[in-house]
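K.L.:
all I have is the shape, not the residue letters:
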């Protein structure tokens, strides 16, 4: 029986810990995961590399790619700040026989689930509280207080989408969250696809 590569989506408000969980899973060779690098219209932050952290396209190129329908999904997360998944990126990883893992915002995550209902496991990572989220974002020291306030305000809306995901992992204990993520992904990858799975 042919093994069909899967999509594993991790979505959450900023600071919930989804990136930490994704990095943990990528180290597990038996899961055969490859990271889908998102495209972004913004400039790289300190230490970020084009083609490693994101494909930094710039606003003009990003909008051009939208016109050419090069994205599986994209979102204007903040004004003139676009993020998206390039079709070519997923096709490249699938061609290598890899299961593709995503670290993307909730809107993008749900769009991928809708586009590939059977092949996608959509996981929402829930922080212990909005207050804890704010503390984590401040500890990062990567953004201005204004930007943190924007992210915290957005988090309430994002939290409301949690029930639309296949599963919710509450990240109040990182060790437990990692183990749960590993178990869920391993089970999903082994599961054969059926035509009526998403009905």
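P.N.:
In hand now; what should we look at? Only a predicted model underlies this, so the values are computations on that prediction, with no experimental measurement involved. Numbers count the residues shown, from 1 in each chain.
K.L.:
so for stretch 169-179, what gets flagged as buried?
P.N.:
Within stretch 169-179, the residues scored as buried using 16 or more other C-beta atoms under 10 Å are 169, 171, 177-178. For glycine as for every other residue, the C-beta is placed from the backbone atoms N, C-alpha and C.
K.L.:
name the residues that touch the helix or strand of the chain with the lowest mean pLDDT?
P.N.:
When each helix and strand of the chain is scored by mean pLDDT, DSSP states H and E, helix 130-140 comes last, with a mean of 79. With C-beta atoms under 8 Å, 6 or more residues apart in numbering as the test, helix 130-140 has contacts from 13-17, 127, 143, 148, 151-152, 155-156, 159, 172.
K.L.:
could you identify the buried members of those residues?
P.N.:
For these, buried by 16+ other C-beta under 10 Å: 13-17, 127, 148, 151-152, 155, 159.
K.L.:
quick check: residue 111 touching residue 71?
P.N.:
No - the criterion here is C-beta atoms under 8 Å, and residue 111 misses it with residue 71 at 9.7 Å.
K.L.:
and the helix or strand that contains residue 83, how far out from the chain middle?
P.N.:
If you go by DSSP states H and E, residue 83 is part of strand 81-86. Strand 81-86 sits 11 Å away from the centroid of its parent chain (C-alpha atoms, centre = their mean, to the nearest Å).
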